[in-house]
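>>> sequence first, predicted coordinates after that:
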Amino acid sequence: MLGFSPDEWTAIMLSLRVATVGTLFGLPVALFLAYILARWRFPGKVVLDGILHLPLVMPPVVTGYFLLLTFGRQGAIGNAFYEMFGITFAFRWTGAALACGIMGFPLMLRAIRLSFEAVDRRLETAAATLGANALWTFLIVTLPLALPGILAGVILCFAKALGEFGATITFVSNIPGETQTIPSAIYTYTQVPGGDYQALRLACVSIAIAMIALIVSEILNRRIQKRIAVFE
Amino acid sequence: MTNSEPALRVSAYQKRNGFTLDVAFESASPLTALFGPSGSGKTSVLNLIAGVQRPDKGCVAVAGHVLTDTDARIFVPPHLRRVGFVFQDAQLFPHLTVEQNIKFGQWFTRKGGKSALPLEVIVGVLGIGSLLKRRPATLSGGERHRVALARALLSSPRILLMDEPLSGLDDARRDEIMTLIERVRDEFSVPIVFVTHNIEEVRRLASRVVRIVAGRVIATGTPAEVLGGGSSSGPC
C-alpha cells in the first residue's frame, strides 16, 4: 500500500496505535495530577513535581530499564497486572505504549498544569457562588477554559510518544509486528546494508505525522480560542 | 431593630497579611451600603458573607440561616449558601453565551427544587433580551454589569451582594445601572448589600449605611445619620 512494504506499514500502524494508547491512558492521570499541582497546596509537592518530570531529564534507556525492573513479568507491578488483568507489558506492544506514554507524560502534564494555572480563579469563585460544587466547577468552567492547553499537551505527548526510541527498545526490544515502531524500524534499516532508502522513507513518514498532528492542533486551538477570546 | 431575624447579621474578626478586619453589624434594610475608602475591607466583608473567605472568628447569618459560626464550627460552603454575588468586574464566563451565563445558577438551584425568579421578567427588567446569544467578550462594560446582575438574580439568592457595580462606568451608564438596582430592590424583594466608596450612590440607593474605615465599622444608620451627622451612631 502506497509503496510501503508490509513491514514498514506494520511499523507505521503500530507507532500510531502505541502513541495513541499511551497518550489517551496518560491523559486522565495528567489532568488529575496537573489540577492537584496547579490548585492544591500540600507537603511534598515539589518532590512529586520532580518525580513526575524525571522521564524528561533521565536518559531514556534508564527509564526503559526501570520499566523493565518494575513492569517486567518478574517486576512487582508487572506481575500484579498479569495476575489481575492478564496484561503483559514486557516485549509486547502494550509495553511500548506504556514506555511511550511515560516518556511523553511530563510534556503533557506541564502544558495542562500551566493552562489550569492560567484559568482565572475568580471565575471558579463566581461558579461557586452560583451553586456549582467543586466537581461541576471543574467540568464546566475550568476544563473548557483550559482546553487549548490540554490540547497542546496531548499533541506534545503524542508527538513525543511517536518518536520515542530509547525507553521503548530497552523495555520491549525491537520485535517486528509487536514492538517495532517507526523509530525502531528506522534504526533497524540503518543497520542493514541497502536500508538507507527505507530508513529515509520512514523518517519522512514520521515527519509527516508530526506535522499533521501540529496542524490539526493549531486548527482546533484557533476554534477554541475564538470561542473563549476575551478582548476589551 | 425588627421583631424577626434581620436579613443580615455579620460579626467577624480576621487577620490577613497584616490587615485586621474586625466588623459587626446587622441590617434589615432592603439595601445596605458598605461605605468606606478603598482598602478598608469592604470587599472582604462581602467575601465573608459569600463564604469565599473564612473569618478567624465570627458568625454570618442571612435571613435567619446561619452560614458561618466559628464557635459552633458551622461553615456552609459557598455553593450551598444561595448568595448572589455581582463582582466588580462582572466575572462572566467567557466560553459561554450571555444566555448560558445567566442560566448557570438557575440550573443548580433548580436541582434543589426551589422556584427561581422568572427568567423573562429579569431579562425584561434588565433589558438584556437582545444580548442573549452574544458572548461576554463582545459586550460593553454596562452590558456586562447587567448580565452579571441577571446571572446573580437567577440563582434565586437569599441575598444579593454587589461589589462596586458602578465603578468604571460613565455617568450615563451609571445612572442606568442605578435605576436598575432600584428596580431590583423594589421588585424582586431580595435584600441587597452594596459596596461603594461613592457618597452619591449611598444617598440615592441605600436605606442603611455601614461605614467601614481601616477594617472597622465606625458608624451604622440611615444615610442621613451616617453621612450627615458624622460618626454619631452607636455600635450595633
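That came in fine, so what should we check first? Computed from a prediction, not measured in an experiment: that's the story for all the values here.
>>> now do the contacts for whichever residue of chain A sits closest to chain B.
Relative to chain B, the nearest point of chain A is A:G131 (3.1 Å; CB to the nearest CB). In this view, the C-beta of every residue, glycine as well, is placed from N, C-alpha and C. If you count contacts by CB atoms under 8 Å, 6 or more residues apart in numbering or on different chains, A:G131 has them with B:H79, B:L80, B:R82, B:G105, B:W107, B:F108, B:T109, B:S155.
>>> what pLDDT does it get?
pLDDT recorded at A:G131 is 91.
>>> for it, phi and psi?
When read as degrees, to the nearest 10, the backbone of A:G131 gives phi 100, psi 0.
>>> could you find the closest non-adjacent residue to it?
B:F108 (3.1 Å; CB to CB, 6 or more residues apart in numbering or on different chains).
>>> residues of the helix or strand encompassing the one you found that come out buried?
Taking DSSP states H and E as the definition, B:F108 sits inside helix B:98-111. Residues B:98-110 are the ones in helix B:98-111 that count as buried (16 or more other CB atoms under 10 Å in any protein chain shown).
>>> swap in stretch A:101-117?
For stretch A:101-117, by 16+ other CB under 10 Å, it's A:101-113, A:115-116.
>>> do it and chain B meet at all?
No - Stretch A:101-117 stays clear of chain B (CB under 8 Å from any CB of the partner chain), getting no nearer than 13.1 Å.
>>> gap between that stretch and the chain center?
Counting by CA atoms, centre = their mean, to the nearest Å, stretch A:101-117 is centred 9 Å from the centre of its parent chain.
>>> how about that stretch as CSV, C-alpha atoms only?
Written as CSV, here are the backbone C-alpha positions of stretch A:101-117 (Å, rounded to 0.1, in the frame of the first residue of the first chain):
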residue,chain,number,x,y,z
GLY,A,101,3.2,7.3,27.3
ILE,A,102,5.6,7.7,30.3
MET,A,103,8.2,9.5,28.1
GLY,A,104,5.6,11.9,26.8
PHE,A,105,3.8,12.3,30.1
PRO,A,106,5.8,15.2,31.6
LEU,A,107,5.3,17.3,28.5
MET,A,108,1.5,16.8,28.7
LEU,A,109,1.4,17.3,32.4
ARG,A,110,3.3,20.6,32.2
ALA,A,111,1.2,22.0,29.4
ILE,A,112,-2.1,21.1,31.2
ARG,A,113,-0.8,22.4,34.5
LEU,A,114,0.1,25.8,33.0
SER,A,115,-3.3,26.0,31.4
PHE,A,116,-5.1,25.3,34.7
GLU,A,117,-2.9,27.9,36.4
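>>> pull the contacting residues for B:R203.
B:P223, B:L227.
>>> apply 6 Å and report the result again.
Contact analysis of B:R203 by CB atoms under 6 Å, 6 or more residues apart in numbering or on different chains lists B:P223.
>>> show me what from chain B comes close to chain A.
B:50, B:52, B:78-79, B:83, B:85, B:91, B:94-95, B:104-105, B:108-109, B:137, B:155 (CB under 6 Å from any CB of the partner chain).
>>> if we can go back for a sec, the buried residues of stretch A:101-117 in helices, which ones?
Counting by DSSP state H, these place A:101-113, A:115-116 in helices.
>>> what is the lowest-mean-pLDDT helix or strand in chain A packed up against?
Lowest by mean pLDDT, DSSP states H and E among the helices and strands of chain A is helix A:196-228, with a mean of 86. Judged by 3 or more CB pairs under 6 Å, 6 or more residues apart in numbering or on different chains; DSSP states H and E, the packing partners of helix A:196-228 are helix A:143-163, helix A:182-191.
>>> residues making contact with the shortest one?
In this case it means helix A:182-191. Contact partners of helix A:182-191, identified using CB under 6 Å, 6+ apart, comprise A:A11, A:S15, A:G163, A:F165, A:I169, A:N174, A:G195, A:Q198, A:A199, A:L202, A:A203, A:S206.
>>> let's see it at 10 Å
With contacts defined as CB atoms under 10 Å, 6 or more residues apart in numbering or on different chains, helix A:182-191 is touched by A:7-8, A:10-16, A:18-19, A:96, A:100, A:162-166, A:168-169, A:172-176, A:180-181, A:195-203, A:205-206, A:209.
>>> restrict stretch B:207-218 to CA atoms and write it as CSV.
What follows is stretch B:207-218, C-alpha atoms only, in CSV (Å, rounded to 0.1, in the frame of the first residue of the first chain):
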residue,chain,number,x,y,z
SER,B,207,-31.7,52.8,53.3
ARG,B,208,-29.0,51.8,55.7
VAL,B,209,-25.3,52.5,55.7
VAL,B,210,-22.4,50.7,57.4
ARG,B,211,-19.4,52.9,57.3
ILE,B,212,-16.1,51.0,57.4
VAL,B,213,-12.7,52.5,57.8
ALA,B,214,-9.5,50.5,58.2
GLY,B,215,-11.2,47.3,58.8
ARG,B,216,-13.6,48.6,61.5
VAL,B,217,-17.2,49.7,61.5
ILE,B,218,-17.2,53.3,62.6
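>>> what average pLDDT does that stretch get?
Rounded mean pLDDT across stretch B:207-218 is 92.
>>> in that stretch, which residues are buried?
For stretch B:207-218, a neighbour-count test (16+ other CB under 10 Å) marks B:R208, B:V209, B:V210, B:R211, B:I212, B:G215, B:V217, B:I218 as buried.
>>> residues contacting the third one?
Under the criterion of CB under 10 Å, 6+ apart, the neighbours of B:V210 are B:8, B:10, B:23-27, B:29, B:32-36, B:42, B:45, B:193, B:195, B:217-221, B:226, B:233, B:236.
>>> kind regards, and thank you for your time.
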